[in-house]
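here's my sequence, what's the structure:
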Amino acid sequence: TEGLESLTIAEFAAELSERLMRVLGLAGVEVRLYEEHRVTAEARLGAPVDTTELDAMDSSPPPATGDVVPGGTVVVAMRVDDRLLGAVAVVGLTPEDPGHARAAALMRNAVERAALVLERARLYERERTIAATLQRDLLPETLPEVPGVAVSAYFSSGGDGVRVGGDWYDALALHGGRLGVVVGDVAGRGVAAAARMSELRSVARAYALEGHGPAEMLRRVNAYHLAMGSDTMTTILFAVVEPDRDRACFASAGHMPPLLIPAPGSGASPHFVPVPLRTCSTEWLSATELPASALTVPQATSPPAVPS
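Next up is the predicted model:
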């Protein structure tokens, strides 16, 4: 059962079928997975099986028997705490076979273990879905239009499964025709990281809209973070683009530095803007100014962003 819990439900059914066929030397196997007595995935391999008992389970699940039904099919239900998660029907195990008892016992044991793994896989998939949905819904649906600035964004989570959840970016129009850009990463993954990210995103946006400069804004976010008593590490970068002065001012709290892409024909190469490293103190942040011709703020776990 190793490796099954990281699979999707459809992949789980197919992989379980293949493993049972290979390990037990079966002639045919069919796996059905249920949720609230509804078939959510199924897989078939080899010779056809008698599905009479499987079909009966769809509406009124019988107890798991492991008995041979007419046609030589053995059916075993997958249960956890009396809840039906699925069923496996196989052909190729006959009572006349000297090794039948051992093979049947091995099959029942494998199906019981698979049921536990399936339960964990479903919890894994539910959390992944919740975390991914929460993260996606909290990202900006549209980017602000600020005269003199072309803004674009690309986001791809640095992980799959429950590893999604802690990364975010934001862009907002500020007073005076300026553009604010926030990029952050909450350590950890899953629903907890996504929820924490949601909180810090709102706080960062509020302080940015109050008009604080990059360094002061991050000081306030840090103070909020510490006041909440959280021991979760978070990195964040806040940049303010001033198109009328052709400059951007930014401060970073442990985040990857911005990537500066010089204007075509300048002869310069794209490069990351160095950010001094400081220990955490009352003076731990300072702002850095740079030309705003083409500023990209990368996520530590994301592919290179589209220049903005």
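
burial of residue 26, as a residue count?
21 (other CB atoms under 10 Å). Where C-beta positions appear, they are placed from N, C-alpha and C, glycine not excepted.

so it: helix, strand or coil?
Following DSSP: H, G, I helix; E, B strand; the rest coil, we place residue 26 in the coil state.

nearest residue to it in space, please, no chain neighbours.
Closest residue to residue 26 apart from its sequence neighbours, by CB to CB, 6 or more residues apart in numbering: residue 92 at 4.0 Å.

is it true that the one you found touches residue 24?
Yes: applying CB atoms under 8 Å, one finds residue 92 in contact with residue 24, separated by 7.4 Å.

low-confidence regions, this structure specifically.
Applying pLDDT under 70 to the chain picks out residues 1, 57-72, 94-100, 131, 135, 157-165, 275-308.

what segments of it are helices?
Using DSSP state H, the helices found in the chain span residues 9-24, 52-59, 100-138, 191-209, 214-227.

residue ranges for the strands of the stretch 201-308 of the chain, please.
Assigned by DSSP state E, counting those that start in this stretch, the stretch 201-308 of the chain shows strands spanning 234-242, 247-253, 259-260, 271-272, 288-291, 295-296.

coming back round to it: format the helices of the chain as JSON lines; extra columns: distance to residue 32.
What follows is the helices of the chain, written out as JSON lines (distance: least, CB to CB, whole Å):
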{"stretch": "helix 9-24", "distance to residue 32": "7"}
{"stretch": "helix 52-59", "distance to residue 32": "6"}
{"stretch": "helix 100-138", "distance to residue 32": "12"}
{"stretch": "helix 191-209", "distance to residue 32": "29"}
{"stretch": "helix 214-227", "distance to residue 32": "48"}
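
wait, which of those helices is closest to residue 273?
Smallest distance to residue 273 across the helices of the chain (CB to CB): 12.8 Å, for helix 214-227.

buried residues, that closest one. List them.
Judged by neighbour count (16 or more other CB atoms under 10 Å), helix 214-227 contains these buried residues: 214, 215, 216, 217, 218, 219, 220, 221, 222, 224, 225.

distance between the ends of stretch 223-239?
From its first residue to its last, stretch 223-239 covers 19 Å (CA to CA, to the nearest Å).

off-centre distance for that stretch?
Offset of stretch 223-239 from its chain centre (CA atoms, centre = their mean, to the nearest Å): 22 Å.

flag every buried residue along it.
Of all the residues in stretch 223-239, those buried under the rule 16+ other CB under 10 Å are 224, 225, 234, 235, 236, 237, 238, 239.

and the gap between the last one and residue 247?
To tie it back to what came earlier, the one meant is residue 239. Residue 239 is 11 Å from residue 247, where distance means CB to CB, to the nearest Å.

same deal with the fourth one?
Using CB to CB, one obtains 24 Å as the distance from residue 235 to residue 247.

ok, now the third one?
Taking CB to CB as the measure, residue 234 falls 27 Å from residue 247.

returning to what we had before: among the buried residues of stretch 223-239, which one lies nearest to residue 194?
Nearest to residue 194 among the buried residues of stretch 223-239, counting by CB to CB, is residue 234 at 12.9 Å.

can you pull the contacts of the closest one?
By CB atoms under 8 Å, 6 or more residues apart in numbering, residue 234 lies in contact with 184, 185, 186, 187, 196, 200, 225, 253.

tally of neighbours for the first one?
Using other CB under 10 Å, residue 184 is surrounded by 24 other residues.

OK, contacts around it?
Listed by CB under 8 Å, 6+ apart, the contact set of residue 184 reads 167, 168, 169, 197, 200, 201, 204, 234, 235, 236, 237, 255.

can I get these in a markdown table with distance to residue 84?
What follows is the contacts of residue 184, written out as a markdown table (distance: CB to CB, whole Å):
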| residue | distance to residue 84 |
| --- | --- |
| 167 | 38 |
| 168 | 40 |
| 169 | 44 |
| 197 | 37 |
| 200 | 42 |
| 201 | 41 |
| 204 | 47 |
| 234 | 43 |
| 235 | 46 |
| 236 | 47 |
| 237 | 50 |
| 255 | 48 |
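
nearest spatial neighbour of residue 46, chain-adjacent residues omitted?
Counting by CB to CB, 6+ apart, residue 46 lies nearest to residue 28, which is 3.6 Å off, once chain neighbours are set aside.

so the one you found touches residue 50, yeah?
No: judged on CB under 8 Å, residue 28 makes no contact with residue 50 at a distance of 10.0 Å.

find residues that contact each of the two.
Joint contacts of residue 28 and residue 50 (CB under 8 Å, 6+ apart) are residue 91.

beta-bridge partners for the residue nearest to residue 46, please?
Note on residue 28: beta-bridge partners by DSSP bridges are residue 46, residue 91.

ok, the one 4 residues further on next?
Beta-bridge partners of residue 32, counted by DSSP bridges, are residue 42, residue 87.

just give the number of residues close to residue 136.
Neighbours of residue 136 (other CB under 10 Å): 12.
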